[in-house]
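Asks: only geometry, no sequence info:
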């Protein structure tokens, strides 16, 4: 039996699932009892033959061999041209996933595609899209909904806008931020859940930020959009109970990427003001995120990868500290 074939039985073998990046099959007897799980290829054939040779086999003997293409699981990553999105794509390719990588900069995506296909032997499809445009969001959304082997949905696209305080801001830029940070992830999550629910398996990661726990002068919409992602992910996990889908709101602190060097953040002094010990590396936090996302026992929807930032998020968003911080940054508590 080739690696492209699996054993199936009419009415007796349950659905084909993906666990992490490894395909597996659950064989269910006629009485509903699980006979075997986590078996592939010839190992499954041997189990079926062994059961049928018993005097009272638990498997229904009325089974057929069906040729099923055991596709590699698919991961969709937005914001893959740079920073953490690029690291997510690299880590998921290393795990054996085919990829759809999404961003505006086609040249950067093509470079990543060439690198990942050569290094890991996976198939990578480049999808160029500007997620501040509703037409592009709809186009990607429809494609995601039709991806029957979808396992990972990573919403990582985002940008900052260090353009001042309200009302002296670029309102078009702030509106684009709402589209990229909130509208696109909401619609992509809905689309991703269609195949994930059918497969009874899937992982959704919405890249938020520790900023989502804070009120911050000069970053009104950035902090608010990240807070939305945190609350949205918590509620989405409630809707996913019983579907086999796990949701994560990933909340890193300062991470060394091209984020603070972008055109919209050039006027921000944060990169110079933040001390070195507060910065983390993108590969490190991304791998922590992927490990935590697959942890079913004591799964944490809101995941902050660094202890230092967990303390900050808890303390600075507390009922006593938050009003004081707002007051000292020029705001009023009431």
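Replies: Good, I have the coordinates. The structure presented is a predicted model; accordingly, all values stated were derived computationally and were not measured.

Asks: torsion angles phi and psi at residue 306?
Replies: phi -120, psi 130 (degrees, to the nearest 10).

Asks: which non-adjacent residue is nearest residue 208?
Replies: Spatial nearest neighbour of residue 208, excluding adjacent residues (Cβ to Cβ, 6 or more residues apart in numbering): residue 229 at 4.0 Å. (Glycine included, C-beta is placed from N, CA and C.)

Asks: same for the host helix or strand of residue 285, what does it pack against?
Replies: Element membership for residue 285 (DSSP states H and E) is helix 282-293. Applying 3 or more Cβ pairs under 8 Å, 6 or more residues apart in numbering; DSSP states H and E, one finds that helix 282-293 makes contact with helix 83-94, strand 202-207, strand 245-250, strand 254-256, strand 302-303.

Asks: what strands flank the third one, and is each parallel or antiparallel?
Replies: The sheet places strand 245-250 alongside strand 202-207 (parallel), strand 302-303 (parallel), with pairing taken from DSSP bridges.

Asks: what's the neighbour count on the residue nearest to residue 244 when sequence neighbours are not counted?
Replies: Spatial nearest neighbour of residue 244, excluding adjacent residues (Cβ to Cβ, 6+ apart): residue 200 at 4.0 Å. By other Cβ atoms under 10 Å, the residues close to residue 200 number 16.

Asks: wait, doesn't residue 200 sit right on residue 243?
Replies: Yes. Residue 200 sits in contact with residue 243 when judged by Cβ atoms under 8 Å, with a separation of 6.7 Å.

Asks: is residue 101 in a helix, a strand, or coil?
Replies: Per DSSP: H, G, I helix; E, B strand; the rest coil, the secondary structure class of residue 101 is strand.

Asks: show me what contacts it?
Replies: Contacts of residue 101 were listed using Cβ atoms under 8 Å, 6 or more residues apart in numbering, and they are 77, 80-81, 85, 89, 109, 112-113, 124-127.

Asks: give me the beta-bridge partners of it?
Replies: residue 77, residue 126.

Asks: could I get the pLDDT score of it?
Replies: Confidence at residue 101, expressed as pLDDT, is 98.
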